[in-house]
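Student: Build me a structure from this.
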Amino acid sequence: MKKKLTKKQKEVVAKYDATKAYSLEEAAKIVQTISYTKFDASVDLDIRLGVDPKKANQMVRGIVTLPHGTGKTVRVLVLCTPDKEQEAKDAGAEFVGLDEYIQKIEQGWTDVDIIITMPSVMGKVGKLGKILGPRNLMPNPKTGTVTTDIGKAVKEVKAGKIDFKVDKQGIIHASVAKVSFDPAMIAENANELLSSIAKLKPAAAKGTYMRSVFMSSTMSPGVMIETRSLNNQ
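Tutor: As a prediction, the model looks like this:
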């Protein structure tokens, strides 16, 4: 049985053509129009790729710095030795320490967005994998969150550096802006992410690489993005 749409949902659906593919800037304007949350919602991209993530040579993962930041306050935990604590605090990390935070995480605390650590303490941090892994919080050298340059890493994530990874269904989900951003800024952030993903196309991936791209905000329906130009990058 088809679910009946609420009055609000009907109004939203009437504002654009769900079967049409739009440019990034057009989609940004539509998402702003159809977003009806009372808070400043995130603008998200869902990118379906023509890859098989079960095969190691088709895994797509990377990092990108969004030109206009994400608009989110990124809460950073730095797990480091005492000599690096001041550097982490000066760079803007909200939580800094080691053993006391490892203990808190073991007890279930994960109220942060990013965890940055250093190679010398990975032996201690590694045992938190079962808790941090499923929440996508486990530090990883590939994403720059295991490093000796703690201050630089903190500043980068505060400035809008995000990491992305294809999931088991072959889809990358990422937040690229806030609804309150200017549409051109949303489009530029989205384009930066899509360009980065385009450059990471695995040689083993066959057929169309970017199968579909949808832009949405928290609780809004998705707006289809025109992908021909993206596949030709």
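
Student: got the contact list for the residue nearest to Asp90 when sequence neighbours are not counted?
Tutor: Nearest non-adjacent residue to Asp90, counting by C-beta to C-beta, 6 or more residues apart in numbering: Gly151, 6.6 Å away. From N, CA and C alone the C-beta is placed, and that goes for glycine too. Applying C-beta atoms under 8 Å, 6 or more residues apart in numbering, we find Gly151 in contact with 87-88, 90-91.

Student: Make sure I have this right: Gly151 is in a strand.
Tutor: No. Counting by DSSP: H, G, I helix; E, B strand; the rest coil, Gly151 is not found in a strand; it is helix.

Student: Model confidence score at it, please.
Tutor: Looking at Gly151, its pLDDT is 95.

Student: now do Gln9
Tutor: 62.

Student: what about the residue positioned nearest the centre of the chain, which SS state?
Tutor: The residue lying closest to the centre of the chain (C-alpha atoms, centre = their mean) is Ala174, at 3.4 Å. Using three-state DSSP, the structure places Ala174 in strand.

Student: next one: the one 3 residues further on
Tutor: Reduced to three states with three-state DSSP, the structure at Ala177 is strand.

Student: where does the chain have low pLDDT?
Tutor: 1-13, 229, 231-233 (pLDDT under 70).

Student: what are the ranges of the helices in it?
Tutor: 7-13, 24-34, 85-91, 99-106, 122-125, 129-132, 150-159, 183-199, 228-231 (DSSP state H).

Student: Could you tell me how far the second one lies from the centre of the chain?
Tutor: Right, helix 24-34. Relative to the centre of its chain, helix 24-34 is centred 19 Å away, using C-alpha atoms, centre = their mean, to the nearest Å.

Student: hmm, who's touching that helix?
Tutor: The contact list for helix 24-34, computed with C-beta under 8 Å, 6+ apart, reads 12, 15-16, 22, 43, 177, 179, 181, 183-184, 186-187, 190-191, 194, 215-217, 220-221, 223-225.

Student: one more time with 7 Å
Tutor: Outside helix 24-34, the residues that touch it by C-beta atoms under 7 Å, 6 or more residues apart in numbering are 12, 15-16, 22, 43, 179, 183-184, 186-187, 190-191, 215-217, 220-221, 223, 225.

Student: cool, the fifth one as well?
Tutor: Residues external to helix 122-125 that are found in contact with it (C-beta under 7 Å, 6+ apart): 79, 102, 117, 139, 146.

Student: So the first one is in contact with Gly126, correct?
Tutor: No. With contact defined as C-beta atoms under 7 Å, Leu79 does not count as touching Gly126 (11.1 Å).
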